[in-house]
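> pasting the sequence and the predicted model now:
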Amino acid sequence: MAKQWDALWINATIATGEKQDSIMTNACLATKGSKIAWVGAMQALSAKPNELADTVYDVKHRCITPGLIDCHTHLIFAGNRANEFEMRLKGATYEDIARQGGGIQSTVAATRTASQEELYYLSKKRVLALMQSGVTTLEIKSGYGLDLETEEKILYVAKKLEETLPITISKTFLGAHTLPLEYRGRGDAYIDHICQDMIPSIAEKKLAEAVDVFCEKIAFNLAQTERVFATAKQHDLQVKCHAEQLSDSGSAALAAKYHALSVDHLEHLSLQGIEAIAKSGTVAVLLPGAFYFLREKKLPPIQLLREHGVPIALASDCNPGTSPIMSLLLIMNMACTLFRLTPQEVLLGVTQYAAKSLGLEQTIGTLSANKQADFIVWDVSTPVELMYYMGVKPLHQFVKLGRTIDLANL
Ligand code: DI6
Ligand code: FE
């Protein structure tokens, strides 16, 4: 007779990602096809494990969490910016370098000349590194093309990564990352191009689910940002915003007006901005890797975000300029040590709330019946150890859509 479940994980400590304290010991998790069929206590099993499922994994009190979600990356790019890392160590600021034509522009030049195959090869290595740190869903932004052809090339690479690797990829169009050199002094004309040509083309080809804008003095102002958001909405695309990273421009409140899924960075977020995103249900995505790498001093207003009940997510911001980091576990450590988030807040920030920041909370981010069977078995006994150790690889088993994936074979 066919058994009730395909696979059953027994003797586990399970952090379901539903609430900060939802950890079960002596627990088990069952899958059927690509979904979770059941999560509960060992004693609640109605028969012997091998009578219930075709495959039984005794995980010997290891910890199971939802597959981690890295909800903000820019990982498709060519070249690197190690030279700027050195310049900043000698005292140059991120903004100085950007104004001198370095920064994002130098990555744009390298990415425009790279072929799709080359970009795929470079990015695949980065995705695999994130998967080694437990990432089963990833967001990738374009933004190193700044012309239609290259922006679409980047989004095609993102699509190909999803088609060829066992990972879910959410794609975001970030044409408004910075002003391309050929539009110098003509910011509004570039925004016209984004709204009239780029967004319609990308929407029609279904190359992205969301549109993001870097609203900042060295990028785009509030009025330009609003035009991009309005156009995105007209094309049924979700809105996200790089908001208040280097200064407070009021972009978080503007994003809230467009029901943004998330506002990201937020070091300079004001009380008004917090009130606005609390009302709109927008997720605050914090990026401790960029904070660390730029040696920022101003912390995001974490206590106020908590007091206003704003869901907080954490992400790598993986990019060549401000966060060349390909481990979400390292980011989780930084969220604790630099931002003083609790390990419980951090776990929710890379599972349930990261899913919400991508509009995917109905299918992933928590472990309960009928959710997608994306989860990690870790070689640790409590989730806190995931943030406590640095430089170890605690991943024991990677399960995507109910299938165990051998990462070494990808
Ligand atoms: N903020 C960031 O931290 C990244 N983009 C952005 O808008 C940095 C991108 C880069 O420097 O290449
Ligand atoms: Fe970013």
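That came through, no problem. Residues are numbered from 1 along each chain as shown. Ligands and ions are numbered 1, 2, ... in the order given.

> what's the local residue count around the residue nearest to Gly402 when sequence neighbours are not counted?
Spatial nearest neighbour of Gly402, chain neighbours left out: Ala373 (4.0 Å); criterion: C-beta to C-beta, 6 or more residues apart in numbering. The way it works is simple: take the backbone N, C-alpha and C, and place the C-beta from them, glycine included. Ala373: 25 surrounding residues under other C-beta atoms under 10 Å.

> ligand 1 contacts on the protein?
For the chain, the residues in contact with ligand 1 (C-beta under 6 Å from any ligand atom) are 74, 103-104, 107, 177, 214, 242, 245, 290, 317, 319-322.

> as CSV, these with distance to Lys141, pLDDT and neighbour count would be great.
As requested, the residues of the chain next to ligand 1 are exported to CSV (distance: C-beta to C-beta, whole Å; pLDDT from 0 to 100; neighbours: other C-beta atoms under 10 Å):
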residue, distance to Lys141, pLDDT, neighbour count
His74, 5, 98, 26
Gly103, 16, 93, 21
Ile104, 12, 94, 27
Thr107, 12, 97, 24
His177, 8, 97, 25
Phe214, 10, 97, 23
His242, 9, 98, 29
Gln245, 14, 93, 28
Ala290, 13, 96, 24
Asp317, 10, 98, 29
Asn319, 9, 98, 26
Pro320, 13, 98, 23
Gly321, 13, 95, 25
Thr322, 13, 95, 25
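
> break down the stretch 51-200 of the chain into its helices, ranges please.
Assigned by DSSP state H, counting those that start in this stretch, the stretch 51-200 of the chain shows helices spanning 82-89, 94-99, 104-113, 116-132, 148-164, 187-193, 199-204.

> and the angle from the third one to helix 148-164?
In terms of direction (axes from the mean of the first three to the mean of the last three C-alpha atoms, to 10 degrees), helix 104-113 departs from helix 148-164 by 70 degrees.

> only the buried residues of helix 104-113, if you could.
Ile104, Gln105, Ser106, Thr107, Val108, Ala110, Thr111, Arg112 (16 or more other C-beta atoms under 10 Å).

> could you give the angle of it to helix 116-132?
Helix 104-113 runs at 120 degrees relative to helix 116-132, counting by the same axes, to 10 degrees.

> quick one, phi psi at the residue nearest to Gly402?
Per-residue torsions, Ala373: phi -80, psi 70 (degrees, to the nearest 10).

> isn't it right up against Val39?
No - counting by C-beta atoms under 8 Å, Val39 is not a contact partner of Ala373; they are 10.6 Å apart.

> give me the residue from this structure nearest ligand 1.
Gly321 (2.2 Å; C-beta to the nearest ligand atom).

> surely that residue is within a helix?
No - Gly321: not assigned to a helix; according to DSSP: H, G, I helix; E, B strand; the rest coil it is coil.

> let me see the contact set for the closest residue to it other than its chain neighbours.
In this structure, Gly321 finds its nearest non-sequential neighbour in Arg81, 5.3 Å apart by C-beta to C-beta, 6+ apart. Counting by C-beta atoms under 8 Å, 6 or more residues apart in numbering, Arg81 touches Gly102, Gly103, Ser106, Thr107, Pro320, Gly321, Pro324.
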